[in-house]
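Engineer: build me a model from this:
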Amino acid sequence: MLPIALVLALSWVISLAATALVRRAALALGVVDSAQSSRKIHHRSVPRLGGLGIVCGIYGALALGLLFPSIRATLAGDGQRIGALAIGALAVAAVGLCDDLRDVRARTKLLVQFAAAALLYASGFRIDHVDFPFGADILLGPLSLPVTLLWIAGLSNALNLIDGLDGLAGGVAVAAALATLFIGVGQGPDLAGMLVAAATVGGVMGFLAYNVVPASIFMGDSGSLFLGVLLGALAIRPHARGSGGILLVAMGVVLALPIADTALAILRRVARGSPAFSADREHLHHRLIDAGLSHGQAVLVLWTAAALLAAAGVHLASGMHGRTLTLAVVLVTGALLLHRLGMFTFTRADQSARRRDNRELYDAVRVASRRLRVASHLAEVREELSRAGAALQVRSLRLRTNAETPPLGVSAGELGARTRFVLDASRPELGALEVAWSDLRSGRDRDAEIAFELLSRDVATALRRIRSAQPPEPRLAPGAGRPWRAKSPGSDPVGPASPP
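Structural biologist: All right, here's what the predicted structure looks like:
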């Protein structure tokens, strides 16, 4: 147990120091998480990239551990699998870092996650069968590969989605890593996996010193995606096998909080016509805050739930009596609590029109985003925003930039709700997208706000690319590219309008 304690302590110290340095660098570089979003709970911009501190803590502790003969022998004895885990998790952390610095498409992140999962599968991290507490054993056969890929990539995204409150994802990760460590103790001599689990506990605890309420740094995608892959792989590591295989159900219970939250979020979004992997403000932590809990109280409640689920998972994997009863209690209690929070409310009789509207909304944003990704001149951005304003049926749409850039897009209206979407908090000179609806209801609609946040992100990407290339803007014919204004009652048909 001494090597485990040593690795945990080393990881904690390194993470503590590395996170402080990363926080200072993120502030200096302007890599912050903006509070100006319809789904954000924090009210100020906070530096991200805290995941780098976690990665440094875990990898640094294991690297220093090689100086000790017992740790070196343990890791070398399982070198191929530990190496595959190190490479796969680091690749996911790298794509998460790119997303923290500059938005990466969800498709690209999924591709890297599945590639990392495939590497882990080839190295022996696989789900070939599932044991249940009541004795059933399901062999997966050819389904082993897709189930393993979905398990690892799914957990990576699940931990990312639950990272919505200060300290929440870190606390859940610590509880899961501790459960993995205890399950390893009970399931047999898997010292290499236990060392990685101990390093994970220490690395996240060092980061949590800066991430508890009020957080001074966020872990970002570089941390949450990385930890999800690491925990998913540790749950199915080859040596963590008892009679016939690890109880995947036990690890499912340990990680039930992020798994349930993600599954319900996907069902909820599909039911109302939103993209399955879009963001919203209806996760478990949002529901707790809407129920009247403070930020800190909601985190404490979810930490407690994660600890209880971790204890239940350890019991399920232990082989002790009462496992079936434990599983039944977890399922029934969890279902009742989720129902109480309204998490099972997917559809209503009056939502068919909303689903149709949402599909049209996101389809229009997707079309605009595709065109913005290939825009090479400001005139093309201007033209695309004009198209988007008409397709999205808003009263006005304006890109407000700095003084040297003329206003682009649809001219601003005087009536209705108005919302500003900052393009890039780290580069305020890019400006903001201002949207005005013809009625107040649309201005408070979460799906509409999130759709325009996605559009703003692509506008920012286009402006950064155009400004870095700095091509000469083409001369326009008289009247070309002028702002589009929605038709008002009694006015002429929609057409070019005079610049405001």
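
Engineer: surely Leu397 meets Ala432?
Structural biologist: No: the pair Leu397 and Ala432 does not pass the contact test of Cβ atoms under 8 Å, sitting 11.7 Å apart. Just so you know, the C-beta spots here come from the backbone N, C-alpha and C atoms, and that holds for glycine as well.

Engineer: what's the following helix or strand after the helix or strand of the chain with the lowest mean pLDDT?
Structural biologist: Least confident element among the helices and strands of the chain, by mean pLDDT, DSSP states H and E: strand 408-409 (a mean of 40). Next along the chain after strand 408-409, taking DSSP states H and E as the criterion, comes strand 418-422.

Engineer: please state the offset of that next one from the chain centre?
Structural biologist: Averaging C-alpha coordinates over strand 418-422 and over its chain gives two centres that are 23 Å apart (Cα atoms, centre = their mean, to the nearest Å).

Engineer: do the same with stretch 294-309
Structural biologist: That offset, for stretch 294-309, works out to 19 Å (Cα atoms, centre = their mean).

Engineer: then stretch 300-317?
Structural biologist: Taking the mean C-alpha point of stretch 300-317 and that of its whole chain, the gap between them comes to 22 Å (Cα atoms, centre = their mean).

Engineer: what's the average pLDDT for it?
Structural biologist: Summarised as a single mean, pLDDT over stretch 300-317 is 90.

Engineer: buried set for it?
Structural biologist: By neighbour count with 16 or more other Cβ atoms under 10 Å, stretch 300-317 contains the buried residues 300, 302-303, 305-317.

Engineer: alpha carbons of it, as CSV, please.
Structural biologist: Included here for stretch 300-317 are C-alpha records, laid out as CSV according to Å, rounded to 0.1, in the frame of the first residue of the first chain:
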residue,chain,number,x,y,z
LEU,A,300,-22.8,19.0,-1.9
VAL,A,301,-25.9,17.0,-2.7
LEU,A,302,-24.4,15.6,-5.9
TRP,A,303,-21.1,14.8,-4.2
THR,A,304,-23.1,12.9,-1.5
ALA,A,305,-25.0,11.0,-4.3
ALA,A,306,-21.7,10.2,-6.0
ALA,A,307,-20.2,8.9,-2.8
LEU,A,308,-23.2,6.7,-2.0
LEU,A,309,-23.2,5.3,-5.5
ALA,A,310,-19.5,4.6,-5.3
ALA,A,311,-20.0,2.7,-2.0
ALA,A,312,-22.9,0.7,-3.6
GLY,A,313,-20.7,-0.1,-6.6
VAL,A,314,-17.9,-1.4,-4.4
HIS,A,315,-20.5,-3.6,-2.5
LEU,A,316,-21.8,-5.0,-5.8
ALA,A,317,-18.3,-5.9,-6.9
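
Engineer: which residues are contacting that stretch?
Structural biologist: For stretch 300-317, the surrounding residues in contact (Cβ atoms under 8 Å, 6 or more residues apart in numbering) are 133, 165, 167-168, 171-172, 175-176, 178-179, 182-183, 186-187, 242, 246-247, 249-257, 284-285, 288, 293, 322-323, 326-327, 329-330.

Engineer: so how do I select the buried members of the residues you listed in ChimeraX?
Structural biologist: Of these, the buried ones go into a single ChimeraX selection, burial set by 16+ other Cβ under 10 Å:
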select :133,165,167,168,171,172,175,176,178,179,182,183,187,246,247,249,250,251,252,253,254,255,256,257,284,285,288,293,323,326,327,330
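
Engineer: could you pull out the helices for the stretch 51-200 of the chain?
Structural biologist: Assigned by DSSP state H, counting those that start in this stretch, the helices in the stretch 51-200 of the chain fall at 51-65, 69-77, 79-101, 106-122, 144-161, 168-187, 191-211.

Engineer: how about those helices, which one is nearest Arg269?
Structural biologist: Taking Cβ to Cβ, helix 144-161 is the member of the helices of the stretch 51-200 of the chain nearest to Arg269, at 11.2 Å.

Engineer: give me the most central residue, this protein.
Structural biologist: Taking Cα atoms, centre = their mean, the centroid of the chain lies closest to Asn160, which sits 3.1 Å from it.

Engineer: hmm, back to that, in helices, which of the buried residues of stretch 300-317 fall?
Structural biologist: Using DSSP state H, 300, 302-303, 305-317 are the members of the buried residues of stretch 300-317 that sit in helices.

Engineer: neighbour-wise, which of Leu397 and Ala432 wins?
Structural biologist: It is Leu397, of Leu397 and Ala432, that has more neighbours when counted by other Cβ atoms under 10 Å, with 26 against 20.

Engineer: next up, phi/psi of Glu434, please.
Structural biologist: phi -110, psi 130 (degrees, to the nearest 10).

Engineer: meant to ask about Val212, not that
Structural biologist: Note on Val212: its backbone torsions stand at phi -70, psi 160 [degrees, to the nearest 10].

Engineer: now the one 5 residues further on
Structural biologist: The phi/psi pair for Ile217 (degrees, to the nearest 10) reads phi -160, psi 150.

Engineer: test my guess that it contacts Val22.
Structural biologist: Yes: taking Cβ under 8 Å as the contact criterion, Ile217 and Val22 are neighbours in contact, 7.1 Å apart.

Engineer: before we move on, the earlier item: tell me which of the ones in helices among the buried residues of stretch 300-317 is nearest to Val92?
Structural biologist: Top of the list for closeness to Val92, among these and by Cβ to Cβ, is Ala306 at 21.7 Å.

Engineer: ok, back up a step: what is in contact with Ile217 and Val22 at once?
Structural biologist: In terms of Cβ under 8 Å, 6+ apart, Ile217 and Val22 are both contacted by the residues 47, 49-50, 53.

Engineer: let me have those residues in TSV, adding secondary structure and pLDDT as columns.
Structural biologist: Formatted as TSV, the shared contacts of Ile217 and Val22 follow (DSSP: H, G, I helix; E, B strand; the rest coil; pLDDT from 0 to 100):
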residue	secondary structure	pLDDT
Pro47	strand	88
Leu49	coil	91
Gly50	coil	93
Gly53	helix	96
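
Engineer: biggest separation within these, which pair?
Structural biologist: Checking these against each other with Cβ to Cβ, the farthest-apart pair comes out as Pro47 and Gly53, at 11.2 Å.

Engineer: export the helix or strand where Val253 lies to CSV, keeping only CA atoms.
Structural biologist: Here Val253 is covered by helix 248-254, with elements defined by DSSP H and E. What follows is helix 248-254 as a C-alpha-only set of coordinates in CSV (Å, rounded to 0.1, in the frame of the first residue of the first chain):
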residue,chain,number,x,y,z
LEU,A,248,-19.7,-4.0,-15.3
VAL,A,249,-23.0,-3.3,-13.5
ALA,A,250,-21.0,-2.3,-10.4
MET,A,251,-19.0,0.3,-12.4
GLY,A,252,-22.2,1.4,-14.0
VAL,A,253,-23.6,2.1,-10.5
VAL,A,254,-20.3,3.9,-9.5
